[in-house]
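>>> Please find the sequence and the predicted model below.
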Amino acid sequence: MHPAWSVVLLTTLLGAGQGLFLALYGADLYDAARGRASLAPLFVAAAVLGSLALAGAGLAASFFHLGRPERAWRSAAMWRTSWLSREVIALPLFMALAAGYGLAHWLGMLQGALVVGAAAALAALALYVCTGMIYACIKFLQEWASPLTVVNFLLLGCASGLSAAAALSAWLDPEFARAYAIAALAATLAAAATRGTALVRNARLRPRSTPQTAIGIKHPRIEQKAQGAMGGSFNTHEFFHGASRARLETMKWGFVAAGFLLPAMLLAAALGSALPAFAAAAFPVQLAGLLAERWYFFAEAQHPQNLYYQSTS
Amino acid sequence: MTQLALVIDLNVCVGCHACVTSCKEWNTQGAAGPLSDLNPYGADPSGTFFNRVQTFEVGEFPNTQTVHFPKSCLHCEDPPCVPVCPTGASYKRAGDGIVLVDYDKCIGCKYCAWACPYGARELDEKQKVMKKCTLCVDRIHDASLPERDRKPACVLACPTSARLFGDIHDPASEVATAIREHGGYALMPEWGTHPANHYLPRRKTEFKVREEDLQRYDNPLKVDGLLPKPATGEPALDDVTSW
């Protein structure tokens, strides 16, 4: 597939925004369970605004993917069958509930905030499932058609959100900084494990569709001689990444390093030295790494329609 | 239930692209139109087509076959492109089984194209909506046309009659008969999309000359032997008169 930056930005930023909210709400819940209200209001405000800004930026990016953005309002219609439609509903719902939580917190209605926050957290989790299932439900895109896709969207989003929370709390609420750094490290390692599993799984995939099933001729040697157009078409632009093998490898090892290894080291350094700069650096590095991860996620998927577009003439 | 579809005979298709051009001609000025072209006379032309003829070489030289392979929307009976559409712009008609796009509802998100394993959908780069074969829905039901013209433009254009059109659910129809009797098959059956369009395989064309075609065994009037029969080596009438 051709990785569209609009969708890469949408899924990555949105995931981080949901993760940041879940990180905040988790701390709030833990705080309430201890019978205390010790979260710094400035940290809560910054985390809610940060979460909304990330989700809003993702939402804005998504419009650049549409051919007819002025009709985007129509896209909630088919929620009974389409995961994309469900995402379109869950995304503004999550943003509205998260904003409501932030507002209630700011106004000091802590009990009410917990209730609204629970709904927002459920919406965030549902949104992860919707976003992941958009890709996982296309069964012939074998690289995506796996529960690992949903798990990765969830864990990668939570890891980057927790990194963001670690960075914010290092400045604004040092009491929680250590707990956030530990959680971010754990989530990053868990995400590395599941994303690594997906990489290994996809490297071992055998495509079910072949040139033989594509044109229905059972001969081992089928070679395309013409594809019906000399200058390319939507089919050649949309479904081929056009990147060199070297670029693919660079992106792959780049996201392994920047998405998992470096942030894990920075978070570990933050735990060891208690210097806020380490925690603050982990999030941007991880976000850049996860953008590369999402680029690779798209580029890696081999669409069966490509079997019909192997050669121009 | 009716399921209109094309049956394409790969044994007959000569790869002339007449179906491609007539499809483009009809549909670019019809209800689906325009089918925009980008940079058509430039160095990197591209455009929207409902139908394309591709060519494959099968086998190892010298035992090769050139297979011309027309590809358009297969109007799947279980179309994976329809449920994923977030707006309902992509739909399958209950009445005749045609899969269509409502160009006024489409937001151009391309998700349906991702969800089609055959690459049958193309985004119109000018209108920014998804387009695909309509089986010429604006002419096959048009009662103002003579009966014989109520067929998709590609079917009418095909000079070798490689394209058949009809209801594959009607066992007596030409298409159902062709699928049944000539080994019609579906593309990529592994994904369970149940394409309505079928392809007829290449067949070995053999001309069998039997003994009785040359020599009359039943000789009811017993006249054959009475007529003068020149020996095989003797000059035939042509040899005598042709000088």
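Now that the structure is in, tell me what you want to look at. The structure presented is a predicted model; accordingly, all values stated were derived computationally and were not measured.
>>> Which is the succeeding secondary structure element to the helix or strand where residue A:151 lies?
Using DSSP states H and E, residue A:151 maps to helix A:147-172. Using DSSP H and E, the helix or strand that follows helix A:147-172 in sequence is helix A:174-203.
>>> quick one: buried residues of that next one?
A:176-185, A:187-188, A:190-192, A:194-195, A:198-199, A:202 (16 or more other C-beta atoms under 10 Å in any protein chain shown). Just so you know, the C-beta spots here come from the backbone N, C-alpha and C atoms, and that holds for glycine as well.
>>> Contact partners for residue A:27?
For residue A:27, the contacting residues are A:39, A:165, A:176, A:179, A:180, by C-beta atoms under 8 Å, 6 or more residues apart in numbering or on different chains.
>>> Looking at those, which one is closest to residue B:48?
In terms of C-beta to C-beta, no member of these lies closer to residue B:48 than residue A:165, at 47.1 Å.
>>> Once you drop chain neighbours, what's closest to that closest one?
Using C-beta to C-beta, 6 or more residues apart in numbering or on different chains and skipping residues adjacent in sequence, the residue nearest residue A:165 is residue A:23, 3.7 Å away.
>>> Then residue A:237?
residue A:2 (6.6 Å).
>>> repeat for residue B:198
According to C-beta to C-beta, 6+ apart, the nearest residue to residue B:198 is residue B:184 (3.8 Å).
>>> Okay, now stretch A:225-232: how far is its last residue from its first?
14 Å (C-alpha to C-alpha, to the nearest Å).
>>> centre of the chain versus it, how much separation?
Remark: stretch A:225-232 is offset 36 Å from the chain centroid, using C-alpha atoms, centre = their mean, to the nearest Å.
>>> List the contacts of that stretch.
Applying C-beta under 8 Å, 6+ apart, the external contacts of stretch A:225-232 come out as A:233, A:236, A:308-313, B:17, B:20, B:39, B:44-47, B:49, B:52-57, B:66, B:71.
>>> Report the buried residues of stretch A:232-250.
A:232, A:233, A:234, A:235, A:236, A:238, A:239, A:240, A:241, A:243.
>>> give me phi/psi at residue B:108?
phi 70, psi 40 (degrees, to the nearest 10).
>>> quick one: whichever residue of chain B sits closest to chain A and residue A:178, what's the gap?
Closest to chain A within chain B is residue B:108: 2.0 Å, counting by C-beta to the nearest C-beta. Using C-beta to C-beta, to the nearest Å, we find residue B:108 at a distance of 48 Å from residue A:178.
>>> how close does the residue in chain A that chain B sits nearest to sit to residue A:238?
Proximity of chain A to chain B (C-beta to the nearest C-beta) peaks at residue A:67, 2.0 Å away. For residue A:67, the distance to residue A:238 (C-beta to C-beta) stands at 12 Å.
>>> Please identify every residue contacting each of these two.
Jointly contacting residue A:67 and residue A:238 under the rule C-beta under 8 Å, 6+ apart are B:110, B:123.
>>> out of the buried residues of stretch A:232-250, which one sits closest to residue B:201?
residue A:235 (24.6 Å).
>>> who in the stretch 51-200 of chain A is up against chain B?
Near chain B, the residues belonging to the stretch 51-200 of chain A are A:65-69, A:71-72, A:74-78, A:81-85, A:88, A:134, A:137-141 when assessed by C-beta under 8 Å from any C-beta of the partner chain.
>>> quick one: low-confidence parts of the chain?
Answering for chain A, as no chain was given. A:274, A:313 (pLDDT under 70).
>>> try again with chain B
B:214-232, B:235-243.
>>> rewinding a little: now the residues of the stretch 51-200 of chain A next to chain B: which count as buried?
Among these, those scoring as buried are A:65-68, A:71-72, A:74-78, A:82-85, A:88, A:134, A:137-138, A:140-141 (criterion: 16+ other C-beta under 10 Å).
>>> so residue A:106 touches residue A:45, yeah?
Yes: with contact defined as C-beta atoms under 8 Å, residue A:106 reaches residue A:45; the gap is 6.3 Å.
>>> Could you tell me which residues touch both of those two?
Joint contacts of residue A:106 and residue A:45 (C-beta under 8 Å, 6+ apart) do not exist.
>>> Alpha carbons of stretch A:157-175, in PDB - could you do that?
Output in PDB follows, covering the C-alpha atoms of stretch A:157-175 (Å, rounded to 0.1, in the frame of the first residue of the first chain):
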ATOM      1  CA  GLY A 157      -1.000   4.500  21.500                       C
ATOM      2  CA  CYS A 158      -0.800   3.800  25.300                       C
ATOM      3  CA  ALA A 159       3.000   3.700  25.200                       C
ATOM      4  CA  SER A 160       3.200   7.100  23.500                       C
ATOM      5  CA  GLY A 161       0.500   8.500  25.700                       C
ATOM      6  CA  LEU A 162       2.200   7.400  28.800                       C
ATOM      7  CA  SER A 163       5.500   8.900  27.500                       C
ATOM      8  CA  ALA A 164       3.700  12.100  27.000                       C
ATOM      9  CA  ALA A 165       2.300  11.900  30.500                       C
ATOM     10  CA  ALA A 166       5.800  11.200  31.800                       C
ATOM     11  CA  ALA A 167       7.100  14.200  30.000                       C
ATOM     12  CA  LEU A 168       4.300  16.500  31.300                       C
ATOM     13  CA  SER A 169       4.400  15.200  34.800                       C
ATOM     14  CA  ALA A 170       8.200  15.700  35.000                       C
ATOM     15  CA  TRP A 171       7.600  19.400  34.700                       C
ATOM     16  CA  LEU A 172       4.100  19.900  36.200                       C
ATOM     17  CA  ASP A 173       3.500  17.100  38.800                       C
ATOM     18  CA  PRO A 174       6.800  15.500  39.900                       C
ATOM     19  CA  GLU A 175       5.000  13.400  42.400                       C
END
